[in-house]
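K.L.:
Sharing a model prediction with you, sequence too.
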Amino acid sequence: MQLHDLKPNEGAKRNRKRKGRGNSSGNGTYAGRGLNGQLSRSGGGKGPGFEGGQQPLAMRLPKLPGFRNINRVEYAPVNVSRLDGLFEDGATVDHEALVAAGVIKKADTLVKVLGDGEITKKLTVKVDKVSASAQAKIEAAGGKVELPC
């Protein structure tokens, strides 16, 4: 048996009903739509989302939730405890070092160091932003913070 030998079973395929093609077809005159009314017209009927005159759900919900500041700048947060675990004593923490350590994915990501946890190593931190508590902890451990101008 080959592909050109295959055919559907007897009676498995039927022609589609062609409505409105004369009374002898069984669906002539009104084509199964009845006489008059909304559903007998072309394009008639109610659209999707119509709820019987009740205010539709799409109109009951608020249009835009909240407020989104288009000038917002997103920073990737990194805590000092994470820096303490990843870097050796005397290391320089910058974007390239953070990418190499797997903390951030790309070197052009903006980074802010936060002060959660403790730090015991002397690190030189060169990132975009540092919180006041993180700066105090880094300097207390003997490190220094260099921020861009």
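P.N.:
Received it, and whenever you're ready, just let me know what you need.
K.L.:
what's the pLDDT at P77?
P.N.:
At P77, the pLDDT value in this model is 97.
K.L.:
so who does it touch?
P.N.:
P77 makes contact with K112, L114 under the criterion CB atoms under 8 Å, 6 or more residues apart in numbering. In this view, the C-beta of every residue, glycine as well, is placed from N, C-alpha and C.
K.L.:
For this protein, which segments are assigned as helices?
P.N.:
Assignment of helices within the chain using DSSP state H yields the ranges 57-60, 80-86, 95-101, 132-140.
K.L.:
Please compute how far the shortest one lies from its chain's middle.
P.N.:
Centroid separation between helix 57-60 and its chain, computed with CA atoms, centre = their mean, to the nearest Å, is 23 Å.
K.L.:
Need the CA coordinates for it. PDB is fine.
P.N.:
C-alpha atoms of helix 57-60 as PDB (Å, rounded to 0.1, in the frame of the first residue of the first chain):
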ATOM      1  CA  LEU A  57     -16.700  43.400  32.200                       C
ATOM      2  CA  ALA A  58     -14.200  45.100  30.000                       C
ATOM      3  CA  MET A  59     -15.900  48.500  30.700                       C
ATOM      4  CA  ARG A  60     -16.300  47.800  34.400                       C
END
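K.L.:
Alright, I will stop here.
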